[in-house]
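Visitor: attaching a predicted model along with its sequence, questions to come.
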Amino acid sequence: MTQTPQPFDTTPSRGHTWFNALVGHAPTVPGLPASLLVADTMLEQEHVRVLSVVPDPQNRFPRAQHGELGIDEGWGLASAVREVIDADQKGHRRAIIAVVDVPSQAYGRREEVLGIHLALAAAIDAYVIARLAGHPIVTLVVGKAISGGFLAHGAQANRVLALDDPKIMIQAMAKEEAARITMRSVNELTKLAETVIPMSFDVKACMQLGIVQKALTGINADAPTTQEIDQVKQELLTAITEIRSGSRDLPDWSSSQEVREHRTATLRVREQMEAQWHVQ
């Protein structure tokens, strides 16, 4: 059966908008797929590399034409991050900013056959190695951060910041797919998410679960003003400064009182596993 292709939205994605807002007129790194924007720029005294996955109607993999993270995007991210690791080995380790607006990974038989799992694993591995090597990694969620797309691009950061906007979605599965899996309507799923926090998609719920460390309020996500862009840049700089003076690990979500209130069962399981692990 031939699947009807999705109509392509020509409106610039938020990933595009915020990449341009952060890098200005800095040249993009050549040799990467059109769906992956990478540039080096300065945030005051900080030298940073900014990466963003964006829609590309000419993408050779149709499943990745709407901003999904596919094979080319995964290998491209791995290459762009490892380039920073290699270049900065003997000097100041620059910060890496992942601008995230990804609806998912690119589902498809072709992607599975050609090893999308390897491509996305390579991107994850590159981010982890960079973080452990001392490169501060800050994620800025400006749109969707769904499933394997977010895992491979953004979830491995020292800090995750997100615009406090109703169109922000952060989850393991897109809302329509989650509704089908749970045999509910989207409206029913949305209503359920009001009381079952892990089912929610919004930023405040993600902060309660420890996925997002800070929500940035008062920002027009689709058409930010110069002042709003400067505000976001300052938040990124603050995060980078905190990271440089702290741990290279992932954020310790269990230290948040709000998280401890909403993930009591998870914490109990972790405590029991740790106790059993240390049994002689």
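Guide: Sure thing, it's come through.
Visitor: ok now stretch 175-187, how far from the chain's centre?
Guide: 23 Å (Cα atoms, centre = their mean, to the nearest Å).
Visitor: show me what counts as buried in it.
Guide: 175, 178-179 (16 or more other Cβ atoms under 10 Å). (C-beta placed from N, C-alpha, C; glycine too.)
Visitor: again, but for stretch 74-88
Guide: 74-82, 84-85, 88.
Visitor: show me the buried residues of stretch 175-187 that map onto helices.
Guide: 175, 178-179 (DSSP state H).
Visitor: could I get these as TSV with distance to Leu151 and pLDDT?
Guide: TSV is the format used below for those (distance: Cβ to Cβ, whole Å; pLDDT from 0 to 100):
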residue	distance to Leu151	pLDDT
Lys175	18	79
Ala178	16	80
Ala179	21	81
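Visitor: what's the helix or strand where Val84 lies packed up against?
Guide: Val84 is part of helix 71-87, with elements assigned from DSSP states H and E. Applying 3 or more Cβ pairs under 8 Å, 6 or more residues apart in numbering; DSSP states H and E, one finds that helix 71-87 contacts strand 36-43, strand 46-53, helix 116-132.
Visitor: and the next helix or strand after it, C-alpha only, in PDB?
Guide: Downstream of helix 71-87, the first helix or strand assigned by DSSP H and E is strand 95-102. Output of strand 95-102 as PDB, limited to C-alpha atoms (Å, rounded to 0.1, in the frame of the first residue of the first chain):
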ATOM      1  CA  ALA A  95      30.500  24.600  24.900                       C
ATOM      2  CA  ILE A  96      28.000  22.700  22.700                       C
ATOM      3  CA  ILE A  97      24.400  23.900  22.400                       C
ATOM      4  CA  ALA A  98      21.700  21.600  21.100                       C
ATOM      5  CA  VAL A  99      18.700  23.400  19.700                       C
ATOM      6  CA  VAL A 100      15.900  20.900  19.800                       C
ATOM      7  CA  ASP A 101      12.800  20.800  17.700                       C
ATOM      8  CA  VAL A 102      12.500  17.100  16.600                       C
END
